[in-house]
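Participant: take this sequence and fold it.
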Amino acid sequence: MKTSRLLATALLLLLLALRTAYAQAPVIQVSDPSGDDKGPGYYGYPGADVFKPGVFDIVKFEVYVGEKTVTFKVYFRELGGNPWGGKNGFCLQQVHIYIRSDAPANVPAGSSAIALNLNFDPSWAWHYAVAIGPCWETPPEPLPRGQCAAVYRPFDVVVQDGLLKVAVEGNSIVATVDKSVFEYGDLANIKNWKFVVAVASHDGFGPLRVRPVGIGKEEWLIWGTATADDKQKVAIANAIKFGIEPRVFDIAVYSPEYPNGITAEQQYEWLSSFDPDTRTPATLPPVLAKQISQLKAQLASVTQERDSLKAQVTSLQGQVSSLQGQVSSLQSQVKSLQDENSKL
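Facilitator: The predicted structure follows:
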């Protein structure tokens, strides 16, 4: 009898352990390359000592779906502590999670990021944006009007401390959202949703609470040309001039197309897809931008071929004109000979 009870207890404990492990397993988990916190590939950190190496470097993103909540965890190489005492446990970062669900086609979707100078390809336009800030004010005011976390939905905004909770665990920033917030979309199908996670430098005094990008190295500006070549320096200078520079250090991505995230090189390509000529911000992912670039290249090729043909035609016309002159000269010589013969 005693042995049976021990076995039953052991089985119960095992089931509870398995249930706990299952509940704690992320439904989505992607790693992000370490050391790619360079925005479009050449950004550097502001010069102030508070910005420790790695504080803007996302290394992992996880999504947990529980019985009543959905939890998002964004891991950093180094969180950098909380030197300015943000209520949410951090103060250097501002994290955005853009989510395209399987909502019906008639549900509105956002085509651009909030304050980051980024656009989204129509197939990636977001139904939910989880914007997470350090938060100082009471009651909480949502980013970018305030500095606290919020979930932007198709028809309203959910501000933190009710259906949205924010915390810090080690070097990760954690947002836990009540399931009822995700009204438009089937959470059972979340693995087929699309996620773009972006980290900016939070600036309570900056435009829309995000730290701006500068050309040179300054104490409180993103260093926009830290490792840029001459062409990139011109590009980012023009982007800043027209207000389309990406205000992002790092992005992590998940979708059925990118189940393992994206590479550093892909990130640099995506964030470099801004176009100062048309004053268009970078597009994530740059699907249409690539198509437009390809069309421009094709047009340039066709134009070059046209110009080459025009040059050939002009050359041929010159040759024809020259031949016509030679024929005319020969005709004159023949006539002259005929006139001389007629006198003989």
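Participant: wait, P104 sits on G185?
Facilitator: No. The pair P104 / G185 is not scored as a contact, 9.1 Å apart, by Cβ atoms under 8 Å. C-beta: built from backbone N, CA, C; applies to glycine.
Participant: who has more neighbours, the two?
Facilitator: G185 (19 against 8; other Cβ atoms under 10 Å).
Participant: that one: what secondary structure?
Facilitator: Judged by DSSP: H, G, I helix; E, B strand; the rest coil, the three-state class of G185 is coil.
Participant: how far away is the closest residue to it other than its chain neighbours from G66?
Facilitator: Once flanking residues are discounted, G185 sits nearest to S101: 2.9 Å by Cβ to Cβ, 6 or more residues apart in numbering. For S101, the distance to G66 equals 18 Å [Cβ to Cβ, to the nearest Å].
Participant: and the host helix or strand of Q333, average pLDDT?
Facilitator: Element membership for Q333, per DSSP states H and E: helix 287-343. For helix 287-343, mean pLDDT rounds to 74.
Participant: so that it lines up with my notes, have the first residue be 373 from now on.
Facilitator: With 373 as the first residue, the last one maps to helix 659-715.
Participant: may I have the residues that are in contact with the most centrally placed residue in the chain?
Facilitator: Nearest to the geometric centre of the chain sits L656, at 4.6 Å (Cα atoms, centre = their mean). Under the criterion of Cβ atoms under 8 Å, 6 or more residues apart in numbering, the neighbours of L656 are L490, N491, F492, D493, W496, V568, I623, W642, L643.
Participant: restricted to helices, list these.
Facilitator: Among the contacts of L656, the members found in helices (DSSP state H) are W642, L643.
Participant: which PyMOL command selects the buried ones in the contacts of L656?
Facilitator: Entered in PyMOL, the line below selects the buried ones among the contacts of L656, by 16 or more other Cβ atoms under 10 Å:
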select buried, resi 490+491+492+493+496+568+623+642+643
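Participant: which pLDDT value belongs to T381?
Facilitator: 51.
Participant: oh, that last question was meant for M373, not what I typed.
Facilitator: Note for M373: predicted pLDDT of 49.
Participant: what helix or strand does the closest residue to K432 other than its chain neighbours sit in?
Facilitator: Spatial nearest neighbour of K432, excluding adjacent residues (Cβ to Cβ, 6+ apart): Y447 at 4.0 Å. Using DSSP H and E, Y447 sits within strand 441-448.
Participant: can you check what angle separates whichever helix or strand comes after that strand from strand 441-448?
Facilitator: For strand 441-448, the succeeding helix or strand toward the C-terminus, using DSSP H and E, is strand 465-472. For strand 465-472 against strand 441-448, the angle by axes from the mean of the first three to the mean of the last three Cα atoms, to 10 degrees is 130 degrees.
Participant: ok so, going back, in terms of secondary structure, what does the strand holding Y447 contact?
Facilitator: Based on contacts counted as 3 or more Cβ pairs under 8 Å, 6 or more residues apart in numbering; DSSP states H and E, the elements that strand 441-448 packs against are strand 430-437, strand 465-472, strand 544-550, strand 566-573.
Participant: looking at the ones you listed, which is nearest to G633?
Facilitator: strand 430-437 (7.7 Å; Cβ to Cβ).
Participant: quickly run through the sheet partners of the closest one, with directions.
Facilitator: Strand partners for strand 430-437, identified by DSSP bridges, are recorded as strand 400-403 (antiparallel), strand 441-448 (antiparallel).
Participant: rebuild these as TSV, extending it with distance to L688, mean neighbour count and mean pLDDT.
Facilitator: Formatted as TSV, those follow (distance: least, Cβ to Cβ, whole Å; neighbours: other Cβ atoms under 10 Å; pLDDT from 0 to 100):
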stretch	distance to L688	mean neighbour count	mean pLDDT
strand 400-403	60	17	98
strand 441-448	65	21	98
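Participant: any stretches of the protein with poor pLDDT?
Facilitator: Where the chain drops to pLDDT under 70, the residues are 373-395, 660-670, 672, 675, 715-716.
Participant: per the record, what domains does it have?
Facilitator: Split into domains by automatic domain parsing, the chain comes to 397-656, 658-707.
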